[in-house]
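S.K.: sequence plus the predicted model coming up.
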Amino acid sequence: MHFERLPYLFLALAACSPGETSGVEGDPIIGGRDESFFVPVGTLVDTATDGTYLGSYCTGTLIRPHWVLTAAHCVLGTPGTKYFYLGEDSRVVNGQLPPGAFARVAEEIVHPDYLSSTSSSTLADIALLRLYDEVEGVAPYPIDPSGVVPGESLRYVGYGVDGTYDPNSGGRKRSTDLTVAPSANYVQPSWFASYRPGTNVCFGDSGGPSLRRTGLQWYVVGVNSSVFGTDPDLGQNPCDAGSIQVRVDFFAGWIASVIPNVSKPKCDGLYDCLVTCEDPTCQQSCVDLSAPEALTDFLPLNDCLANRCATSTSATCLEDMCGAEYAFCIPPDGCSLQGGGCPVGEACFTRFDGANECFPTDGFPIGSACDPNLIQCDDGSFCQVDATGTAGVCTQQ
């Protein structure tokens with residue numbers, strides 16, 4: 001089985017160098033589904049000053065091995081020791097802490113323009129959490145600097161309450177799909193609104209991601225900030241009218257200024273970022289968010305594509321003409337197709353140059369239906385194509 005990592009779409013990089021909203025603050029997934037995938041999405045959990053475990057209260061996304069992206073209002077006014085929890089269910093069962101990984105928060109950095117006392121605070125409702133130790137074995141989700149498109153569908157993941165609005169229903173990871181508002185009035189430079197009848201984020205999903213899948217990778221597009229609905233004081237649905245998300249592309253420069261170079265993506269991360277772009281501004285954001293050496297390592301591949309593939313109509317030009325430059329930028333992982341050598345949330349497949357590499361996967365178990373054009377099967381299996389050539393079944397390698 002052979003996969004190209006991603007097509008070349010960024011030839012222009014050769015010239016690059018290194019309204020007011022209202023709502024209920026604090027967003028659970030209503031009408032969603034329980035989720036065991038989307039491993040980099042976790043929840044913020046709190047402990048009292050005496051060490052008592054208090055459970056989860058917001059959602060966040062691992063965007064670097066020791067950096068979490070969340071909402072600003074999630075980190076203000078919450079005394080005690082905080083942890084970032086990675087697992088499916090953060091609730092205590094029979095007095096026991098839930099299974100999963102707990103990473104202690106070392107530092108909370110709130111965007112300087114966040115004003116918690118004003119109705120426009122959602123516009124800069126974004127924060128970064130630095131963890132004491134890197135999270136090992138989990139591939140972080142990169143942010144997408146290309147922005148949002150009115151009317152597009154995005155995936156939302158969070159640990160909020162369900163449709164019962166019972167506080168005890170929160171703490172379980174769930175997901176749903178919402179549509180970005182089609183009107184430009186609700187897609188502003190720093191925020192956007194999303195909605196779909198019968199489902200929404202709600203209390204506890206604050207800080208969680210809006211995700212877009214591009215090629216084989218999920219990217220963070222937005223951060224849940226607030227919800228709006230009918231009057232909860234009258235016993236009606238407080239989350240049925242929609243939600244507001246902060247745009248990460250608007251704050252990409254701030255994120256880059258906070259996260260030190262040591263935790264920035266190298267050449268492979270820069271490549272993955274650039275293929276989401278359609279304009280020079282987006283491309284420059286990718287460069288700004290990458291480590292200084294990333295651009296140096298990337299330029300040979302970019303120059304090869306620009307000089308040999310810019311006018312080519314061959315679908316295999318990258319493989320035929322720039323294989324060595326690609327391997328220099330994106331060295332193979334050397335993983336085993338039989339599984340066990342990739343981080344959680346990734347699976348080993350053979351790429352176009354014959355080397356094995358870990359790719360993000362949906363983690364479908366053996367026997368599940370799959371799309372042969374996507375990487376959906378769990379590590380150690382592959383999508384066995386049926387006679388039609390358009391569908392398949394996850395099969396042991």
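M.R.: Yes, it's here. Numbering: from 1, shown residues only.
S.K.: relative to the whole chain's centre, how far out is the longest helix anywhere in the chain?
M.R.: The longest helix of the chain (DSSP state H) is helix 292-304. From the chain centre to the centre of helix 292-304 is a distance of 25 Å (Cα atoms, centre = their mean, to the nearest Å).
S.K.: by contact count, what packs against it?
M.R.: Judged by 3 or more Cβ pairs under 8 Å, 6 or more residues apart in numbering; DSSP states H and E, the packing partners of helix 292-304 are helix 267-274, helix 323-329. Any C-beta I mention is one placed from the backbone N, CA and C, and that applies to glycine too.
S.K.: quick one, that helix and helix 267-274 angle?
M.R.: 70 degrees (axes from the mean of the first three to the mean of the last three Cα atoms, to 10 degrees).
S.K.: next structured bit after helix 292-304?
M.R.: helix 317-321 (DSSP states H and E).
S.K.: list the buried ones in that following helix?
M.R.: Within helix 317-321, the residues that qualify as buried are C317, L318, E319, M321, counting by 16 or more other Cβ atoms under 10 Å.
S.K.: okay, that helix in CSV with CA atoms only?
M.R.: What follows is helix 317-321, C-alpha atoms only, in CSV (Å, rounded to 0.1, in the frame of the first residue of the first chain):
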residue,chain,number,x,y,z
CYS,A,317,6.2,14.4,-10.2
LEU,A,318,7.0,14.7,-6.5
GLU,A,319,7.9,11.0,-6.4
ASP,A,320,9.8,11.0,-9.7
MET,A,321,11.7,14.2,-9.4
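S.K.: starting at the chain centroid, how far to it?
M.R.: Relative to the centre of its chain, helix 317-321 is centred 30 Å away, using Cα atoms, centre = their mean.
S.K.: rounded mean pLDDT for that helix, please.
M.R.: Averaged across helix 317-321, the pLDDT comes to 86.
S.K.: which other helices and strands contact the helix or strand hosting F349?
M.R.: According to DSSP H and E, F349 maps onto strand 346-350. Where contact means 3+ Cβ pairs under 8 Å, 6+ apart, strand 346-350 is packed against strand 356-360.
S.K.: show me the shaky parts of the protein.
M.R.: 1-36, 48-51, 77-80, 94-95, 115-122, 163-169, 229-237, 241, 260-265 (pLDDT under 70).
S.K.: isn't W254 up against V110?
M.R.: No - applying Cβ atoms under 8 Å, one finds W254 not in contact with V110, separated by 10.7 Å.
S.K.: coming back round to it: which one among the buried residues of helix 317-321 gets closest to C370?
M.R.: Among these, E319 lies closest to C370 (Cβ to Cβ), at 23.8 Å.
S.K.: where's that closest one relative to P142, distance?
M.R.: 24 Å (Cβ to Cβ, to the nearest Å).
S.K.: ok, now Y156?
M.R.: 18 Å.
S.K.: more neighbours: these two, which one.
M.R.: Legend: neighbour count by other Cβ atoms under 10 Å for Y156 and P142, higher for Y156 (29 against 24).
S.K.: before we move on, the earlier item: given the strand holding F349, what are its sheet partners and their directions?
M.R.: strand 356-360 (antiparallel) (DSSP bridges).
S.K.: how about the CA coordinates for the partner strand, as PDB?
M.R.: Below are the C-alpha coordinates for strand 356-360, written out as PDB (Å, rounded to 0.1, in the frame of the first residue of the first chain):
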ATOM      1  CA  ASN A 356       7.300   3.600   6.400                       C
ATOM      2  CA  GLU A 357       5.800   6.600   8.300                       C
ATOM      3  CA  CYS A 358       3.300   7.200  11.000                       C
ATOM      4  CA  PHE A 359       0.200   9.000   9.700                       C
ATOM      5  CA  PRO A 360      -2.800  10.400  11.600                       C
END
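S.K.: could you point out the helix or strand that follows that strand?
M.R.: Beyond strand 356-360 in the direction of the C-terminus, DSSP H and E gives the next helix or strand as strand 369-370.
S.K.: relative to strand 346-350, how tilted is whichever helix or strand comes after that next one?
M.R.: Moving toward the C-terminus from strand 369-370, the next helix or strand (DSSP H and E) is strand 381-385. Taking the same axes, to 10 degrees, one finds strand 381-385 and strand 346-350 inclined to each other by 60 degrees.
S.K.: now strand 381-385: buried residues?
M.R.: Neighbour counts using 16+ other Cβ under 10 Å place S381, F382, C383, V385 of strand 381-385 among the buried residues.
S.K.: if the first one is in a bridge, with which residues?
M.R.: In this entry, S381 is beta-bridged to Q396, by DSSP bridges.
S.K.: how far away is it from P332?
M.R.: Taken as Cβ to Cβ, the spacing of S381 relative to P332 amounts to 20 Å.
S.K.: now do the last one
M.R.: For V385, the distance to P332 (Cβ to Cβ) stands at 24 Å.
S.K.: check contacts around the nearest residue to V187 once chain neighbours are set aside.
M.R.: Distances taken as Cβ to Cβ, 6 or more residues apart in numbering place P150 nearest to V187, at 5.0 Å, with adjacent residues excluded. Contacts for P150 (Cβ atoms under 8 Å, 6 or more residues apart in numbering) come out as V180, A181, P182, S183, A184, V187.
S.K.: what's the helix or strand for the third one?
M.R.: In other words, P182. Applying DSSP H and E, one finds P182 in no helix or strand.
S.K.: lovely, talk soon.
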